[in-house]
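Visitor: Provide a 3D model corresponding to the input given below.
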Amino acid sequence: MLKIIHEDNNSIVVFKPAGLATQTASMGQKDLVSEVKNHLASQNKRPYVALINRLDQPVKGLVLMATNEKAAGEFSKMLSEGKIGKYYRAVVYGHMKEAEGRLEDFLIKDGRSNTSRVSDRSDPAAKKAILEYKVIGSDESTQTLDIHLITGRHHQIRVQLSNAGCPILGDVKYGTEGSKAYGREQNISETELTAYKLILDSPGKKTCYSLDM
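Guide: From the prediction side, this is the model:
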């Protein structure tokens, strides 16, 4: 069942569960965009949807969609100007070197394997990836991080944290043998990464959508 956080004449914010694709070209496979279109059609509204932020299939959390062309253009402009803040909560295996900081890497996407990797900045195919983090919880084996995503690269948070030596628990694709073994011991069945907050800084108004964490 579609979980709606907010809906108005220009946009809809919904919760995407882990395992559901945000959008897919595969026939017969469920995805979030199709569910939102069906919801709009059931209200006799035009089923127009433009994704403003995307989440990897294993990741859960908030997704913002525009429901008309004008709003889509306005949101896209805000996104390009850095006026849409994207915040995540992650549980990682290991401990970051600093209690808070900024990770800057250059990533290359491999479309054939649907993966990304950290590369040298001199590679012309590499794109800069930036995130800020703060440790908000810690135990002997794991830490909980609050993350502000500055750029929006393919699998960015998962790749950068794994490269920093702290893979996200439950992440099969970018986890290490140690993180996967710990995840099995703790019966972790989902990737422990949640897009929990969106902040829209439009002219004269700041809007926040968030999940209880």
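Visitor: tell me the SS of the residue of the chain positioned farthest from its centre?
Guide: Distance to the chain centre peaks in the chain at N44, reaching 30.2 Å (criterion: CA atoms, centre = their mean). Of the three states, N44 takes coil under DSSP: H, G, I helix; E, B strand; the rest coil.
Visitor: in its sheet, what does the helix or strand containing V14 sit against?
Guide: Here V14 sits within strand 11-16, counting by DSSP states H and E. The pairing partners recorded for strand 11-16 under DSSP bridges are strand 3-7 (antiparallel), strand 60-66 (antiparallel).
Visitor: what about the first one, distance to the chain center?
Guide: For strand 3-7, the gap between its own C-alpha mean and the chain's C-alpha mean amounts to 17 Å (CA atoms, centre = their mean, to the nearest Å).
Visitor: what distance do you get for the nearest residue to T176 once chain neighbours are set aside to E177?
Guide: Closest residue to T176 apart from its sequence neighbours, by CB to CB, 6 or more residues apart in numbering: P167 at 5.4 Å. (Each C-beta comes from the backbone N, C-alpha and C, glycine too.) As judged by CB to CB, to the nearest Å, P167 and E177 stand 10 Å apart.
Visitor: out of the two, which sits in the more crowded spot?
Guide: P167 (25 against 7; other CB atoms under 10 Å).
Visitor: let's have the strands paired with strand 11-16 in JSON lines, adding distance to I130, mean neighbour count and mean pLDDT.
Guide: Shown next, in JSON lines, are the strands paired with strand 11-16 (distance: least, CB to CB, whole Å; neighbours: other CB atoms under 10 Å; pLDDT from 0 to 100):
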{"stretch": "strand 3-7", "distance to I130": "26", "mean neighbour count": "14", "mean pLDDT": "96"}
{"stretch": "strand 60-66", "distance to I130": "19", "mean neighbour count": "22", "mean pLDDT": "98"}
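Visitor: tabulate those strands (JSON lines), appending distance to V14.
Guide: JSON lines is the format used below for these (distance: least, CB to CB, whole Å):
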{"stretch": "strand 3-7", "distance to V14": "6"}
{"stretch": "strand 60-66", "distance to V14": "6"}
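Visitor: which one of those strands lies closest to A72?
Guide: Of all the strands paired with strand 11-16, strand 60-66 sits nearest to A72, with 3.8 Å by CB to CB.
Visitor: next SSE downstream of the closest one?
Guide: Downstream of strand 60-66 (by DSSP H and E), the next one is helix 69-80.
Visitor: can you give me the strands in this structure?
Guide: Here the chain has its strands, by DSSP state E, at 3-7, 11-16, 50-51, 60-66, 84-93, 100-110, 115-119, 127-138, 142-149, 193-202, 205-210.
Visitor: in the last one, what's buried?
Guide: Yep, that's strand 205-210 we're talking about. Residues of strand 205-210 include none that count as buried (16 or more other CB atoms under 10 Å).
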